[in-house]
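**Student:** Here is a sequence with its predicted model. Questions after.
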Amino acid sequence: MQDIDINCAYNVLLLIEVGLGSTDMCYSTNDVDDNAAIPPDLLGAYSPYGYVPSRDIAIVFIVLFGFSTLVHIAQAAKYRLWWLFPTVGLCGVLEVTGWAARLWSSYSPLLSSPFEMQITLTICAPTPLLAANFVILGEMIKYLGPSYSRLSPRMYSIVFCTCDVISLVVQGVGGGMAATVETLEAANRGSHIMLGGIAFQLLVIVVYSACGFEFFMRYLRDKPFTPQSRAKIWENKSIHMLTAGRRSALTPKLKIMGSALIFNTTTLFIRAIYRTIELEDGWNGSIITNELYFNILDGAMIVLAIYTLNFVHPGIFLEKGITGEDDKKAGLHEVESA
């Protein structure tokens, strides 16, 4: 009796499974990398993605995110804005790793490990970038005039960044569950958790945008929440009150920074809507299995967002707050003109 080639037998069984049209294979987490067992034209249909990720596209995004991240690291160090490292910098690192996993999948589309990596990382990566937007708006409010804001600049960072972390944790837990389970039912449970995290992030973006819009409307119309006149505020010796009652000019740099912030937030909002619809549509849906949608509505949106902060960098366009002698000079000027 001839010895049976185990690999050959496995290939035959795999081909039989393909021929029968089994769908369980799409959700298996076993690291099977035997592309030769399936005809090339069927690899995409039986990969976890529902397609074979484009190698060229993956390389392009790795280069784009990698370059932007390196520039951000240099810019953050130059302007000593250390909060950019755990926000924009972290986003870039996660995106590079996620797209590297997709590049890996382009060579081995049946492997589950790179699929698990990319689905978790690309879901979570933009969350730290959104946190940078929260900090930037808080800094703008601190400079232009906290009395026009419903929340103090510090509370903006605390409240919205806390919500951002909650969203990140929920998305990460859901992504981990969806990527490591053995059945479609369990994968759907993880998907629903991710959907909850993305939906919560979408709500946070809406509330943040509403608060920012209200601040700028009140600033432009000169309608502060603080009922006291600026002259009375300057009679108070409290530095906090001096800062709270100040109204600084909306400089050309700040106008550009504000416009960049609006554009940046819009791209993140579009991406969050796409991800929400994608996860709601399910793992076999027409959205999640369409690579073009992912490349444009996820990858390209985050590229635009992260490069916006390269070109309109807060170290250059974000005015510094007025303190010390500048506070006194600004206050005397406003009291005299009151």
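**Tutor:** On my side now, so go ahead. Numbers count the residues shown, from 1 in each chain.
**Student:** Tell me where the stretch 201-338 of the chain has strands.
**Tutor:** In the stretch 201-338 of the chain, no strands are defined using DSSP state E, counting those that start in this stretch.
**Student:** which regions of it lie under the pLDDT threshold?
**Tutor:** Low-confidence regions of the stretch 201-338 of the chain, defined here as pLDDT under 70, cover residues 226-246, 319-338.
**Student:** same thing but 90
**Tutor:** Within the stretch 201-338 of the chain, the stretches with pLDDT under 90 are 201, 222-250, 278-286, 288, 318-338.
**Student:** Let me see the ranges of the helices in it.
**Tutor:** Using DSSP state H, counting those that start in this stretch, the helices found in the stretch 201-338 of the chain span residues 230-235, 239-244, 252-281, 291-294, 301-311, 314-317, 325-337.
**Student:** What residues of the third one count as buried?
**Tutor:** What it means is helix 252-281. 254, 257-258, 260-261, 264-265, 267-272, 274-279 (16 or more other Cβ atoms under 10 Å). In short, each C-beta sits where N, CA and C put it, glycine included.
**Student:** ok, the most centrally placed residue in the chain - contacts?
**Tutor:** Nearest to the geometric centre of the chain sits residue 126, at 1.4 Å (Cα atoms, centre = their mean). Residues near residue 126 by Cβ atoms under 8 Å, 6 or more residues apart in numbering: 91, 268, 271-272, 302, 305.
**Student:** Pull the most distant pair out of those residues.
**Tutor:** 91 and 272 (14.0 Å; Cβ to Cβ).
**Student:** what about residue 154, which SS state?
**Tutor:** In three-state terms, and counting by DSSP: H, G, I helix; E, B strand; the rest coil, residue 154 is helix.
**Student:** what about it, distance to residue 134?
**Tutor:** Plainly put, residue 154 is 11 Å away from residue 134 if you go by Cβ to Cβ, to the nearest Å.
**Student:** Then residue 191?
**Tutor:** Applying Cβ to Cβ to residue 191 and residue 134 gives a distance of 27 Å.
**Student:** Repeat that for residue 43.
**Tutor:** Distance of residue 43 to residue 134, given as Cβ to Cβ: 42 Å.
**Student:** between these two, who's got more neighbours?
**Tutor:** residue 134 (23 against 17; other Cβ atoms under 10 Å).
**Student:** show me the contacts for the more buried one.
**Tutor:** 156-157, 160-161, 164, 208.
**Student:** Report pLDDT for it.
**Tutor:** On pLDDT, residue 134 comes in at 92.
**Student:** Dihedrals phi and psi, it?
**Tutor:** Backbone geometry at residue 134, expressed as degrees, to the nearest 10, gives phi -60, psi -40.
**Student:** how close does it sit to residue 55?
**Tutor:** 36 Å.
**Student:** Next: residue 96.
**Tutor:** 16 Å.
**Student:** In terms of neighbours, single out the busier of the two.
**Tutor:** residue 96 (22 against 13).
**Student:** What helix or strand is the more buried one located in?
**Tutor:** If you go by DSSP states H and E, residue 96 is part of helix 90-107.
**Student:** got the CA positions of the next helix or strand after that helix in PDB?
**Tutor:** From helix 90-107 onward toward the C-terminus, using DSSP H and E, the following helix or strand is helix 112-124. Extracted C-alpha coordinates of helix 112-124, given in PDB (Å, rounded to 0.1, in the frame of the first residue of the first chain):
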ATOM      1  CA  SER A 112      -6.300  34.700   9.600                       C
ATOM      2  CA  SER A 113      -3.600  36.400  11.600                       C
ATOM      3  CA  PRO A 114      -3.100  39.400   9.300                       C
ATOM      4  CA  PHE A 115      -6.900  39.700   8.900                       C
ATOM      5  CA  GLU A 116      -7.300  39.800  12.700                       C
ATOM      6  CA  MET A 117      -4.500  42.400  13.000                       C
ATOM      7  CA  GLN A 118      -5.900  44.800  10.300                       C
ATOM      8  CA  ILE A 119      -9.500  44.700  11.400                       C
ATOM      9  CA  THR A 120      -8.600  45.700  15.000                       C
ATOM     10  CA  LEU A 121      -6.000  48.200  14.100                       C
ATOM     11  CA  THR A 122      -7.700  50.000  11.300                       C
ATOM     12  CA  ILE A 123     -10.900  50.200  13.500                       C
ATOM     13  CA  CYS A 124      -9.100  51.700  16.500                       C
END
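**Student:** count of residues packed around residue 165?
**Tutor:** 13.
**Student:** and if you look at the one 3 residues further on?
**Tutor:** Residue 168 is surrounded by 20 other residues when neighbours are defined as other Cβ under 10 Å.
**Student:** With residue 185 instead?
**Tutor:** 9.
**Student:** How about residue 314?
**Tutor:** Residue 314, neighbours per other Cβ under 10 Å, totals 23.
**Student:** List the single closest residue to it in space, sequence neighbours excluded.
**Tutor:** Of all residues not flanking residue 314 in the chain, residue 136 sits nearest, at 5.5 Å (Cβ to Cβ, 6 or more residues apart in numbering).
**Student:** In terms of helices and strands, where is that neighbour?
**Tutor:** helix 126-144.
**Student:** re the thing from before, mind checking which of the contacts of residue 134 are buried?
**Tutor:** 156-157, 160-161, 164, 208.
**Student:** Alright, I will stop here.
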